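Student: Below is the sequence, then the predicted model.
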Amino acid sequence: MAKPGKASLWEEGGPLADIWGYDGGVPGPVLRMRQGETLRVNFRNELDQPSTIHWHGIRIDNAYDGVAGLTQESVEPGETFEYLVKAPDAGTFWYHPHNRSWEQMARGLYGVLIVEESEPVAVDRDLVMVFDDWRLDEARQIDVASLGMLHDWAHAGRLGNVLTVNGQPYLKQTVTPGERLRLRVLNTANARVLQLRFAGLAPVVLALDGQPVEPYPLADEILEIAPAQRCDLMIDMPGEAGVFKVEEVSRDPFAACELRAEGEPIARTAPLPETLRLPENPLASALDLEGALSVDLLMEGGAMGRMGAAMLHGERKGMRDLMEAGKVWSFNGIAGSHHDPALFSTALGRTVRMPIVNDTRWPHAIHLHGHHFKVLSRNGAPVAREEWRDTVLTAPGERVEIAFVADNPGKWMLHCHMLEHQAAGMMSWFEVS
Ligand code: C2O
Ligand code: CU
């Protein structure tokens, strides 16, 4: 149920901010299910604006993808909707509204969805760390006056001034020395790309956006994680008691939370990496790159960009008109909305390759619904490691090529997950039939 609630975001035990949350809390409840099973979720909207739930990263039946205006009508205040969440893949996923996401998520509507492997990796403790970036005002309330500000929309998106982990301003997580942790890290911020440093620990990456990777150590102990992305890490805690701070280092480094190892150490005998590979998910990973449908995606617009005009609701508009309409970004020359025709349509089972060009001065995290894609290359150079994602970060000026098998029928969104950019035109959809 989505409803208003309270949370102390500024400091522990500090002033309570009014939030919107699933079951009134932030984050919402951690939902757990087993791979291949169907979770039945009865969603009730107790907000005073329409909402939906999108199951981010789940290769779900289109009817339950939760996109207001595309896959379902929005759920009006007081109404309910039953979602049947069938999860083909195990991994770390999340859920959030897909109507006015830029507002509803900034107010706290999101939660974690864990799909358990039938044979999970052996760890002593499975932990969730959801990072969120909040903009609070002087009263330590969510700064609602600045919601929808064109300045944010045309720049990096809504950046906050407080970072919480699991809804807490400074999470202290107690662990045991020597323990093996599986840490599920999520970035649910509207727009902030996080760089997290796990100093003194040696995290090993197990999965990205829910999909297993060949385990590898995190270089410099720093994890870069864009809005909507997830990363599963394995950490063997050192054998002695101690406090390990997790810092956000994208600007002035500051401690965001800590792992506090105390008590009798656990003696660890299990051998390392070989045992850490997560079981494969049933992804269609055999790409037919030769016979693929090729679809270019050009991103333009934003502050300091070169975009002079774009199509808006089928009419060509200059920058001034676009700004007035709050649509300052485009995909392939179209400042998008659900009402535009599909970006492309493809037959079921066809491979789609998509060179994505970020011709803007800002990073963008491009998300595709209903599918996971392989990152093939960056700026023409093949990527070092195999990576299947549902959200890919592109740097200003970068060209990233992705490919996937369009094996899930329906109408699927693709958009920037900097939610202000999405609302301001960086959205489109495609159809698989
Ligand atoms: Cu996480 Cu279209 O969204
Ligand atoms: Cu963007």
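Tutor: In hand now; what should we look at? Ligands and ions are numbered 1, 2, ... in the order given.
Student: Now name the helix or strand holding the closest residue to residue 170 other than its chain neighbours.
Tutor: Leaving aside its sequence neighbours, residue 170 sits nearest to residue 257 (C-beta to C-beta, 6 or more residues apart in numbering; 6.1 Å). Quick note: C-beta positions are derived from backbone N, CA and C, even for glycine. Using DSSP states H and E, residue 257 maps to strand 254-261.
Student: Run through who's touching that strand.
Tutor: 129, 131, 163, 165, 168, 170-177, 179, 181, 196, 201, 235, 237-238, 240-248 (C-beta atoms under 8 Å, 6 or more residues apart in numbering).
Student: Kindly give a single ChimeraX line that selects the buried subset of those residues.
Tutor: A single ChimeraX command selects the buried members of those (16 or more other C-beta atoms under 10 Å):
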select :129,131,163,165,168,171,173,175,176,177,179,181,196,201,235,237,238,244,245,246,247,248
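Student: Just give the strands next to the strand holding residue 257 in its sheet, each with its orientation.
Tutor: Looking at strand 254-261 with DSSP bridges, its partner strands are strand 171-175 (parallel), strand 242-248 (antiparallel).
Student: Write down the beta-bridge partners of the residue in the stretch 51-200 of the chain that ligand 1 sits nearest to, one by one.
Tutor: Closest approach between the stretch 51-200 of the chain and ligand 1, counting by C-beta to the nearest ligand atom: residue 56, at 3.7 Å. Taking DSSP bridges as the rule, residue 56 bridges to residue 94.
Student: Residue 365 too?
Tutor: residue 393.
Student: shouldn't it be in contact with residue 417?
Tutor: Yes. Under the criterion of C-beta atoms under 8 Å, residue 365 makes contact with residue 417 at 4.3 Å.
Student: Identify the contacts common to those two.
Tutor: 226, 227, 228, 391.
Student: Those into JSON lines, with extra columns for distance to ligand 2 and pLDDT?
Tutor: Listed next are these as JSON lines, based on distance: C-beta to the ion, whole Å; pLDDT from 0 to 100:
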{"residue": "226", "distance to ligand 2": "10", "pLDDT": "98"}
{"residue": "227", "distance to ligand 2": "9", "pLDDT": "98"}
{"residue": "228", "distance to ligand 2": "11", "pLDDT": "98"}
{"residue": "391", "distance to ligand 2": "11", "pLDDT": "98"}
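Student: Near the residue of the stretch 51-200 of the chain closest to ligand 1, how many residues? Count them for me, please.
Tutor: Applying other C-beta atoms under 10 Å, we find 27 residues neighbouring residue 56.
Student: who's in contact with it?
Tutor: Applying C-beta under 8 Å, 6+ apart, the residues near residue 56 are 93, 94, 95, 96, 228, 367, 390.
Student: Near ligand 1, which residues of the stretch 301-433 of the chain are found?
Tutor: 367, 369, 413, 415, 417 (C-beta under 6 Å from any ligand atom).
Student: Make a PyMOL selection of the buried ones in these.
Tutor: Selecting only the buried entries of these in PyMOL, with 16+ other C-beta under 10 Å as the criterion:
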select buried, resi 367+369+413+415+417
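Student: Using JSON lines, please lay out the residues of the stretch 301-433 of the chain next to ligand 1 together with pLDDT.
Tutor: As requested, those are exported to JSON lines (pLDDT from 0 to 100):
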{"residue": "367", "pLDDT": "98"}
{"residue": "369", "pLDDT": "98"}
{"residue": "413", "pLDDT": "98"}
{"residue": "415", "pLDDT": "98"}
{"residue": "417", "pLDDT": "98"}
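Student: so which of the residues of the stretch 301-433 of the chain next to ligand 1 are also by ligand 2?
Tutor: By C-beta under 5 Å from the ion, no member of these lies near ligand 2.
Student: Can you lay out the residues of the stretch 301-433 of the chain next to ligand 1 as JSON lines showing secondary structure?
Tutor: Shown next, in JSON lines, are those (DSSP: H, G, I helix; E, B strand; the rest coil):
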{"residue": "367", "secondary structure": "strand"}
{"residue": "369", "secondary structure": "coil"}
{"residue": "413", "secondary structure": "strand"}
{"residue": "415", "secondary structure": "strand"}
{"residue": "417", "secondary structure": "coil"}
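Student: which one among the residues of the stretch 301-433 of the chain next to ligand 1 gets closest to ligand 2?
Tutor: Among these, residue 417 lies closest to ligand 2 (C-beta to the ion), at 7.4 Å.
Student: Which residues are in contact with the closest one?
Tutor: 226, 227, 228, 365, 366, 367, 391.
Student: What is the most widely separated pair among the residues you listed?
Tutor: Greatest spatial distance among the contacts of residue 417 (C-beta to C-beta): 227 and 366, at 10.9 Å.
Student: Common neighbours of those two, please.
Tutor: 391, 417.
Student: Grab the nearest non-local neighbour of residue 228.
Tutor: In space, residue 228 is closest to residue 417, 4.0 Å off (C-beta to C-beta, 6+ apart).
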